[in-house]
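Participant: generate coordinates for the sequence data below:
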Amino acid sequence: MAKKSKGNRNQIILECTEQKETNVAGTSRYVTEKNRKNTPGRLELKKYNPNLRRMTLHREIK
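Facilitator: Below you'll find the model as predicted:
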């Protein structure tokens, strides 16, 4: 079998930042991919948080 190259696409986890500040139980996390060459920094997206029932800021975690 051929070796699989590492490639530029990595799986990342986005975690809600507002839920930590409000001390609501649970965590809102999304799994997605990003291209390392196009976006070398940490990714920030507004996603829906079902625990808070609104759109919140989600940041990439390591």
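Participant: any low-confidence regions in the protein?
Facilitator: Residues of the chain that meet the criterion pLDDT under 70 lie in 1-5.
Participant: now with 90, please.
Facilitator: Scanning the chain for pLDDT under 90 picks out the ranges 1-7, 20-26, 62.
Participant: can you pull out the helices in it?
Facilitator: 18-22 (DSSP state H).
Participant: spatially nearest residue to the residue sitting nearest the centre point of it (excluding sequence neighbours)?
Facilitator: When C-alpha atoms, centre = their mean is applied to the chain, the residue found nearest the centroid is residue 14 (1.5 Å). Distance criterion C-beta to C-beta, 6 or more residues apart in numbering; nearest residue to residue 14, sequence neighbours excluded, is residue 58 at 3.9 Å. Bear in mind the C-beta positions are built from the backbone N, C-alpha and C, glycine included.
Participant: the one you found bridge partners, please.
Facilitator: Residue 58 has these beta-bridge partners by DSSP bridges: residue 16, residue 45.
Participant: which residues sit in contact with it?
Facilitator: Neighbour list for residue 58: 14, 15, 16, 17, 28, 29, 30, 44, 45, 46, 47, 49 [criterion: C-beta atoms under 8 Å, 6 or more residues apart in numbering].
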